[in-house]
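Peer 1: Got a predicted structure here, sequence first:
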Amino acid sequence: MKALTDILHMTGKELRAFFVSPIAYVVLTGFMVLSGWFFFNLLVQFNRMIGMYEMMRRPDIASQLNLNELVMLPLLYNMTIVLLLMVPMITMRLFSEEKKLRTDELLLTSPLSVNSIILGKYLASLIFLDVMLGLTLVYPWILFKYGQPAPELGPIAAGYIGLFLLGASFMAVGLFASSLTENQIVAAVISFVTLLLFFVIGWPAETVGETAGKVLEYLSLIDHFTEFSKGLLDGQHVIYFVSFILFALFLTKRSIESTRWR
């Protein structure tokens, strides 16, 4: 019970720090502006395609155009790119600011355990991620409200689950990067480079041989997200994301403990 109370205390502290700082509102605004721009353009393109086929007197083809495949699927992929850019800005201060202000020594000598500190900061970042993704639910709502025919709920729900797991993995890496340095810019760069590496690591899979290719594909974050975007909820992909997150949090703990005993 005490451990849970400590985690919630740290979570509340970090959430207040998030929303007192202007960076939270800048990130939320930037995320909504970019995702909204993508959504608007995809929707315009979808309507243009329908109009084109109707002018060609091919209503049979127009009726087969799918909002899931032509709007929501590319939108979710575009949001993964935006998260890749935004998450390092969210997580860069989590431990780096503590180190710069020298409050990390007070934090580590407090009654709070290292696990409670890490989990509290991570939970706060996940809540912030939920807020970011929650704001974008207005896009599928618009499609359900005005789309003809309306999109399917299943693939959209699976896509958002995958997007949350991907974002949670990004946050875990960002937390680890922030624990390595007191410089927030350096933390953001380390986080971005690491995330980008795991984002593109599967690209050369077809050119490096079958065994190595399978390893690279398995390590690729975006390849695991792809299955969710197709509407598939496969346990092995959930296990991958959870394992990735736990490993990043383990590295964060080791990093903090090494600082504690210097």
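Peer 2: Great, that's in hand. Numbers count the residues shown, from 1 in each chain.

Peer 1: Please list all residues in contact with residue 255.
Peer 2: Residue 255 is in contact with 176, 179, 180, counting by Cβ atoms under 8 Å, 6 or more residues apart in numbering. Every C-beta, even on glycine, is put in place using the N, C-alpha and C of the backbone.

Peer 1: for residue 97, same thing?
Peer 2: By Cβ under 8 Å, 6+ apart, the neighbours of residue 97 are residue 184.

Peer 1: if you average pLDDT over the strand or helix carrying it, what comes out?
Peer 2: For residue 97, the host element (DSSP states H and E) is helix 96-100. Averaging pLDDT along helix 96-100 yields 78.

Peer 1: Using PDB, write out every CA atom in it.
Peer 2: Output in PDB follows, covering the C-alpha atoms of helix 96-100 (Å, rounded to 0.1, in the frame of the first residue of the first chain):
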ATOM      1  CA  SER A  96      17.500  15.800 -16.300                       C
ATOM      2  CA  GLU A  97      15.800  18.800 -14.600                       C
ATOM      3  CA  GLU A  98      16.200  17.100 -11.200                       C
ATOM      4  CA  LYS A  99      19.900  16.700 -11.800                       C
ATOM      5  CA  LYS A 100      20.400  20.200 -13.100                       C
END
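
Peer 1: What residues of that helix count as buried?
Peer 2: Neighbour-count burial for helix 96-100, counted by 16 or more other Cβ atoms under 10 Å, picks out 96, 97, 98, 99.

Peer 1: Please enumerate the helices of the stretch 101-250 of the chain.
Peer 2: Taking DSSP state H, counting those that start in this stretch, the helices of the stretch 101-250 of the chain run over residues 104-108, 114-135, 138-146, 153-178, 184-200, 210-219, 221-229, 235-260.

Peer 1: buried stuff in the helix or strand harbouring residue 39?
Peer 2: Counting by DSSP H and E, the element that carries residue 39 is helix 22-55. Under the neighbour-count criterion of 16+ other Cβ under 10 Å, helix 22-55 has 24, 27-28, 31, 34-35, 38-39, 42-43, 46, 50, 53 buried.
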